[in-house]
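Student: Got a predicted structure plus its sequence, pasted below:
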Amino acid sequence: MFIELHAQSAFSFLEGAEHPEAFAAEAARLEMPAVALVDRDGVYGAPRLTRAAANAGVKPIVGSEITLADGSRLPLLVEDREGYQNLCRLITRMKLGAPKGAAAIALDDLEPYAAGLVCLTGGAQGPLARRLASGDVDGARRVLGRLVAMFGRSSCFVEIQRHFQRDQEEILQGLVALARAIPVPLMATNQPLFARPEGRPLADVFTCIREKTDLDRAGRRLLANGERSLKGGAEMTELFRDLPDAVAATGELAMRLAFTLKDLGYRFPEFPLPPGQTPLGYLRELTERGVRTRYGTGPLAIRARGQVAHELDLIGRLDLAGYFLIVWDIVEHCRTHDILVQGRGSAANSAVCYALGITAVDPVGMELLFERFLSEARDEWPDIDLDLPSGDRREAVIQHVYRRYGRLGAGMTANVITYRGRSAAREVSQALGLPRDMRDRLAKLVANWGYQDPEELLTKHLPEAGCDPTAPRIRRFAMLWTQIQDLPRHLGQHSGGMVIAAGRLDDVVPLEPATMPGRVVVQWDKDDCAGLGIVKVDLLGLGMMSVIQDSLALVRERGGDVDLARLPPDDPAVYRSLQEADTIGVFQVESRAQMATLPRVRPERFYDLVVQVAIIRPGPIVGDMVHPYIRRRRGREPVTYPHPSLEPILRRTLGVPLFQEQLLRMAMVTAGFTATEAEELRRAFGFKRSERLMAEVETKLRAGMARQGIHGAAAEEIVHAITAFALYGFPESHASSFALLAYASAYLRVHHPAAFYAALLNNQPMGFYHPATIVKDAQRHGLRIRPIDVTRSEWLCVIEPDDTGLTVRLGLRYVRGLREAAGRALVAARLARPFDSVRDLVRRVRLERDELETLAAIGALAPFGETRRANLWMVAASSPGPLFEDPPREESPLSEMTEVERLAADYAGTSVTLGRHPMALRRAALRHAGVLSARELAGVEDGARVQVAGSVIVRQRPGTAKGFVFLSLEDETGIANVIVTPPIFARHRLTLVAEPYLLVEGIAQRQDGVISVRATRARGLPALGHHVPSHDFG
Amino acid sequence: MSRYACVLVEYFDAAAVERGEPALRAEPLGVVNVHNLEARLGRRGLSPSTACSAHIVDRARASRDGAPAAKIAMIVEANAEARAHGVHPGMTEAEARARCPMLVTRPLIEEYVLSARHALLEAALAVSPRIEDGGAGLVYVDTVGLERLIGDPPAIGRRLVHQARAVGLAARVGLAASRTAARVTATRASGPVTVVPEGRERTALAGAPLATLALSPDLAETLARWGVRTLGELAALPRAGLSARLGPAGLRAHDLALGLDHDPFRPWTPPPFWEEAQGLEWEIDSLGVLAGVLETVLERLCARLASASLAADALEVRLGLASGGHHARSVALAYPVVEVKPILTLVVLDLEAHPPGAPVTRVAVSAHPIRTQPGQGGLWQPPAPAPRDLVSVLARLAALVGADNLGSPALVDSHRSDAFTMLAFSPPSEPEPFDRRPPGPSPRPEGGDHRLAVRRVRPARRVEVEAVGERPTRVDARRVLGCAGPWRASGEWWDVDAWAREEWDVVLSDGALCRVARDRLAGHWYLDALYD
């Protein structure tokens, strides 16, 4: 029996060319009972191999190939948990003790980590083979002796390989002689880099990427042949027929290597409790306190107490009290340090989380289903994600967790960066030696927005990029580009996922330094961690949290007071703005698609907003839930239910299932499922669906319904609704959490516009729109935005009062090219003493010439009394220096800027303009040509032929829209929406993609007050030397 | 008084194409540059002894002869008609066609452009002996003294336009006191000839956009920021203020805007014509007699080269034939040489190998001249062979083995057996120091002292092999008593030259120990080596 004990996946970055799962599948096909994944300096792929191997009926063996200080590599296999812990600690020590990418360890330093590990001597890069290849037989013997002394005679094997290479055979004979002389058993491996021989080209491409060369120049650095695939027992037995013991040893050793990741030894950290308290007791105490605060003696208090008792009972049974306490501890830390925090996701289903202040949505009042969050069926930790203001405040919370649990007790989860469209195209085409401009074009071609319709095969578009699709290298490009998709490229860190452990986390998984100082990253991503039962807390940065927190601070600065927890729940002005789709800058409902739906849904209360957040998602759109819901909401279709028993569940969403919780409840009511079984059903039909599980659960569902007396069409309708919807549904709790933020942002926008817009501008880039659009939106709402002014502007945008009320002063951060240090120095110098002239400013603040010129060009120096051009003329002359007198004042010979020039200078220098919208400058000509403004468009009849024009602020080609393209054209009166059908897009592709200003002819479409133009023709308008930037989305 | 004329041909690459195909003037024309991905293997030498050598050489030639592996077509120039349809340089051909479906495209051929450029210069030279090459499609002409020969400035301009038209180029001519003024005038002119009256340069240039001065991007950006859009606006700025802000570059720009041009005039003279020819009154059908004529021609040519301190590194021999046809040969010289004898030897050897098809009636030889750099040899350096001897030897060797098989072989970094490339032979400039000799073979691990010698069979001989599975059992009807292997190698899977090879060491029934190789793509077997 042969077992491959040295397979290397793509987690041996840029060497292996295969997913770990492929090795498991191929091992099963070859009837190999076990396979070992031994990636370079890590166990990155071990969880994925473990999962895939379990499904394929193959035993996964964990190991890693360790880089030694002399550059050779030593494969180590894990025998037991002690060995695994040693391996993790060893890798952590290597990684944390060296700059990124340079980890290595001296042979002698291995000794403390040898227990529980089995050592092979490696392939061509092993310490023995390298010495033998250079003729150093004595050195090889010494190293082998040292390895035997460290790992023991029974745990050290001389590894031999045969890849049909002549020079390898000579080394093999040397290795056999060494092994026989000491004696040490032989071990045959093939060290596969790919599962099947077809994987060789990709391995060669990886070699080129690694060596920064191309296939024509890589020479003998490429593989000599295609023999590095996973080979079966018969083939290896034939290959080593002269050394049968080497093959037999693999099977014997594989039986010995009993460790799997199920035996990880992970322990959850213990929360420091008050004396005499148990975790559950303390949690109960905190929760009861919270229930009193949240519910008091209100109408929901009794129900809330009952729900909390039920939840605490389950939390106790699952021994999760410590987990809740840890999350509560983080939330408390945020509260005490004035950092806005809100739990999102399914945690909002939990009354305990609500009582502890982790979430802000009342699950009792909203009748949310706790079992979606936690059930006995789930064998992983519950998922509590915390939204924090992005930037420094979130980093402060992350550092708090490190401090609390120790540098080796906590780590960020990894984010495996994989090869995707554009990067994959660049690297593959470079390896193929394609010329630079063609590489650029191919990269652009494959990444051209998100949408790929089934007919739009890559090869069909290759001629568009100027490529001959029949040329061999181009054909290879298409093949390799497809093959490389989703293979790991390198390890990054997840934006907010943290794992923590009792004791040392590096006993559980190796740690690596992150690029960001003060952080370490574990070698697994969040799914791997969750799958192995490692507790994870997601500390996610949310731009809108920053905006809300900053807005509140600005309101407070001006003496106002807004309490987020006590916002009026049904503010009419807020709902009016939502109904009118006046939502630029509002969380979650500002997108073009949301705006197109808001007037149709017409939210009137908070729950409508919850629905609104959830409905414009790929799931409901693909599942065709949107239109039935809107029809029913508008009263054009009766509200019906598949079965009367479902009415209480679906009543709130008018009979249309929109949320995952409804799916669970439907299964519970119609088929008598327990909450746990319902959750199993959701998972069976979720993203990681398995045919076998789906069939089983469906049978169970039908049987359950039959027992409840539901048969025939009704049963079919329910089964269809549940099974089709499970894939797409959105958790109601998550939608509720987001809806809270959406409401809060809409409230601030309506009632405290100065604070809201200032905060929004200070947190750019974020959201759906460019600052230029946000500024124009603010101005259309009557908010006065004042220009950048070196005598008044701060680094950030601030609120200034004037006769008309509050205004926003643009901050110096909007001066393009101005260094933050220089901007802040300017503000500090001004605080010390106001500037009295441009020369005074130049003398006291060390600004670069181009920074000064930009300030002059945008009018930021105007308060000193000169025009923009006069200031440009002044700052262009060299400063005489502090020792000399200022030269006499010189009259500027330059003519002052025209309005168009000012506009261009504003966009070039700040990316926004406070002057007239560029379209206003053309309005007379456009009106003469019969072109309507966005406001005028609102008044036209359905089906009318119209012309609209504007700067393109959004181009969108969503994957769910079957090739349709949506454009938002902004003018001085508002935004017009344009729909482009695939044939029109194909005809005007260049114009639609490239032109900054468009004039579109088309047919007006009016639906429930929402008006859009279905384009029939489009042409570009001259840009007047500047354009408003556009956000383009897939 | 106009001192300079500027002859301008717009969109010159396109004009060069139209010169060859005048009918295209009325069509939207785009000149495209096709980026060919070089099939790099085509540059490599290939071992004829490689087991699958024939197959590979053929494929390599195929890729050398064309069939680029990948290509991308970019518009590098467009004529006025195409530009009116929105076609501009920098677009891909696909983009250009999207804007102008009736676009006609032609590839950019450097020779066309060069000859058109040369033709324009020569046309100007026919009017004035002092001209300056201002770049593709741009010639400055010093017109001083031409009035007496030709007439007033408009007449000079008309003559220049006429001369350009005679060589197939539609030019506009501006005449002014400075070259810049003349160029800007020509650029903006609507008619073929525009004259700027003396002293009116500043006024004439005032309305011209700043871009016509082709200033550095930084300077142009600063001026644009200042709102300076025309030469008139630039000219109106105070000189001292410009100097304080923009330094010498600003002052130069100011001068140009005023129509003042201080850059020196660089006269262009036509390159010398290194050709000698001899017409014959009788027909020559013997190489010996022809050699005598060639010698006379070469003596004249070499004397001219020597007097200009030049040597020839390539020759073009053109023989007029009695049949009315021509026989042309290019003879590359391995070393720049100006002596008649070695050149004659080379030419005769070449003609021996490639004789003309009919008696010769005319002989013409042109040389590609280069300037030689005489240098002194090192004191400890062995005397190098005289260049003429070396050239003769190399020419004889080339005649014997073929030019492709002459040079210094260099191994190619490849898993392919015997892959090598041929480098042109050149004598070493310095002797190889003793301590820089190539290292000896790497020491090998212990394996006994008895080692076999390998004699490679070059070229590899095709053999018939019977095999059971993959293992050979008979080679050319001789039984295989034992074998080791296979050793496999493959590569170049990414292009047309993919190869895969397998070697076996076999002991044959007649006692021979040899290496046989199989081309795994073609299935052919070869005898690759014998072991002693």
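Tutor: Structure received. Residues are numbered from 1 along each chain as shown, chains lettered A, B, ... in the order given.
Student: okay, how far is it across stretch A:351-366, tip to tip?
Tutor: Criterion Cα to Cα, to the nearest Å; first-to-last residue distance in stretch A:351-366 is 11 Å.
Student: ok, now which ones touch residue 143?
Tutor: Using chain A. Taking Cβ atoms under 8 Å, 6 or more residues apart in numbering or on different chains, we find residue A:143 in contact with A:107, A:127-128, A:131. C-betas here are computed from N, CA, C, even on glycine.
Student: hm, I was asking about chain B
Tutor: The neighbours of residue B:143, taking Cβ under 8 Å, 6+ apart as the test, are B:2-5, B:128, B:153, B:156, B:175.
Student: which stretches of the stretch 251-400 of chain A have low pLDDT?
Tutor: Counting by pLDDT under 70, the ranges of the stretch 251-400 of chain A that qualify are A:377-380.
Student: Name the nearest residue to the residue of it found nearest chain B, ignoring sequence neighbours.
Tutor: Shortest the stretch 251-400 of chain A-to-chain B distance, computed as Cβ to the nearest Cβ: residue-wise this is residue A:251, at 25.6 Å. Leaving out its chain neighbours, the residue that sits closest to residue A:251 by Cβ to Cβ, 6 or more residues apart in numbering or on different chains is residue A:1, at 3.7 Å.
Student: thought the one you found was touching residue A:253?
Tutor: No: here residue A:1 lies out of contact with residue A:253, judged by Cβ atoms under 8 Å, at a distance of 11.0 Å.
Student: Looking at these two, which one has more neighbours?
Tutor: residue A:253 (23 against 16; other Cβ atoms under 10 Å in any protein chain shown).
Student: Is my assumption valid that that one occupies a position in a strand?
Tutor: No: checked against DSSP: H, G, I helix; E, B strand; the rest coil, residue A:253 lies outside a strand; its state is helix.
Student: Give me the buried stretch members for the lengthiest strand in chain B, please.
Tutor: Within chain B, and with DSSP state E defining each element, the longest strand by residue count is strand B:478-491. For strand B:478-491, the buried set under the neighbour-count rule, 16 or more other Cβ atoms under 10 Å in any protein chain shown, comprises B:480, B:483, B:485-491.
Student: From these, list the ones also adjacent to chain A.
Tutor: When contact is defined as Cβ under 8 Å from any Cβ of the partner chain, the buried residues of strand B:478-491 meet chain A at B:485-491.
Student: From residue A:164, how far out is residue B:515?
Tutor: When distance is defined by Cβ to Cβ, to the nearest Å, residue B:515 is 14 Å away from residue A:164.
Student: Please apply the same query to residue B:293.
Tutor: As judged by Cβ to Cβ, residue B:293 and residue A:164 stand 63 Å apart.
Student: same thing with residue A:555?
Tutor: 75 Å.
Student: who in the stretch 151-300 of chain B is up against chain A?
Tutor: Proximity of the stretch 151-300 of chain B to chain A, by Cβ under 8 Å from any Cβ, involves residues B:222, B:225-228, B:233, B:236-238, B:241, B:244-246.
Student: pLDDT added to those residues, as CSV?
Tutor: Compiled in CSV, those are given as follows (pLDDT from 0 to 100):
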residue, pLDDT
B:222, 92
B:225, 91
B:226, 94
B:227, 92
B:228, 94
B:233, 95
B:236, 94
B:237, 94
B:238, 94
B:241, 91
B:244, 88
B:245, 91
B:246, 92
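Student: In helices only, show me those residues.
Tutor: Within these, residues falling in helices by DSSP state H are B:222, B:225, B:233, B:241, B:244-246.
Student: thinking again about what came up before, what strands line up against the longest strand of chain B, and which way round?
Tutor: Each strand that strand B:478-491 pairs with, and the sense of that pairing, follows from DSSP bridges: strand B:471-475 (antiparallel), strand B:499-508 (antiparallel).
Student: what's the neighbour count on residue A:167?
Tutor: 11.
Student: That one and chain B, how far apart?
Tutor: For residue A:167, the distance to chain B (Cβ to the nearest Cβ, to the nearest Å) stands at 9 Å.
Student: How about that residue: what's its closest non-neighbour residue?
Tutor: Nearest-residue entry for residue A:167: residue A:133, 7.9 Å, with adjacent residues in sequence omitted and distances by Cβ to Cβ, 6+ apart.
Student: How about the contacts made by the one you found?
Tutor: Listed by Cβ under 8 Å, 6+ apart, the contact partners of residue A:133 are A:124, A:167, A:171.
Student: So which of these is the closest to residue A:827?
Tutor: Each of the contacts of residue A:133 was scored against residue A:827 by Cβ to Cβ, and residue A:124 proved nearest at 61.6 Å.
Student: Now for residue A:273: which residues touch it?
Tutor: Under the criterion of Cβ under 8 Å, 6+ apart, the contact partners of residue A:273 comprise A:279, A:282, A:325.
Student: for residue A:645, that is, sorry about that
Tutor: Residues counted as contacts of residue A:645 (Cβ under 8 Å, 6+ apart) are A:669-670, A:708, A:710.
Student: Filter these down to the buried ones, ChimeraX style.
Tutor: This is how ChimeraX selects the buried members of these, with burial counted by 16+ other Cβ under 10 Å:
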select /A:669,670,710
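Student: Need the contacts of residue A:645 in CSV (columns: secondary structure).
Tutor: Supplementary listing: the contacts of residue A:645 in CSV, determined by three-state DSSP:
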residue, secondary structure
A:669, helix
A:670, helix
A:708, coil
A:710, coil
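Student: ok, which of the contacts of residue A:645 also contact chain B?
Tutor: Contacts with chain B are made by none of these, judged by Cβ under 8 Å from any Cβ.
Student: Nearest residue to the middle of chain A?
Tutor: When Cα atoms, centre = their mean is applied to chain A, the residue found nearest the centroid is residue A:495 (7.1 Å).
Student: That one: what secondary structure?
Tutor: When states are read from three-state DSSP, the local structure at residue A:495 comes out as strand.
Student: In chain B, which residue sits nearest chain A?
Tutor: Distance from chain A to each residue of chain B (Cβ to the nearest Cβ) is smallest for residue B:413, at 2.9 Å.
Student: need the contact list for that residue.
Tutor: Under the contact definition (Cβ under 8 Å, 6+ apart), the residues listed for residue B:413 are A:219-220.
Student: residue in chain A nearest to chain B?
Tutor: Closest approach between chain A and chain B, counting by Cβ to the nearest Cβ: residue A:219, at 2.9 Å.
Student: three-state assignment of that residue?
Tutor: Residue A:219 is classified as helix under three-state DSSP.
Student: so what's the residue lying closest to it once chain neighbours are set aside scoring on pLDDT?
Tutor: Taking Cβ to Cβ, 6+ apart as the measure, residue A:219 lies nearest to residue B:413, with 2.9 Å between them; neighbours along the chain are not counted. In this model, residue B:413 is scored at 91, pLDDT.
Student: what does residue A:458 give?
Tutor: Here, the pLDDT recorded for residue A:458 equals 60.
Student: Residue A:555 and residue A:164: which has the busier surroundings?
Tutor: Under the neighbour definition other Cβ under 10 Å, residue A:555 and residue A:164 were set side by side, and residue A:555 has more, 21 against 18.
Student: Enumerate every residue touching that one.
Tutor: With contacts defined as Cβ under 8 Å, 6+ apart, residue A:555 is in contact with A:561-562, A:748, A:752, A:755.
Student: Distance check, it against residue A:501.
Tutor: On the measure of Cβ to Cβ, residue A:555 and residue A:501 end up 42 Å apart.
Student: wait, which of the ones in helices among the residues of the stretch 151-300 of chain B next to chain A is closest to residue B:206?
Tutor: Sorting those by how near they are to residue B:206, with Cβ to Cβ, puts residue B:233 at the top with 8.2 Å.
Student: Quick one: neighbours of that closest one, just the number.
Tutor: For residue B:233, the neighbour count with other Cβ under 10 Å is 19.
Student: okay if I get the residues of the stretch 151-300 of chain B next to chain A as CSV plus distance to residue A:439?
Tutor: Conversion of these to CSV gives the following (distance: Cβ to Cβ, whole Å):
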residue, distance to residue A:439
B:222, 34
B:225, 35
B:226, 39
B:227, 40
B:228, 39
B:233, 43
B:236, 48
B:237, 45
B:238, 49
B:241, 47
B:244, 46
B:245, 42
B:246, 39
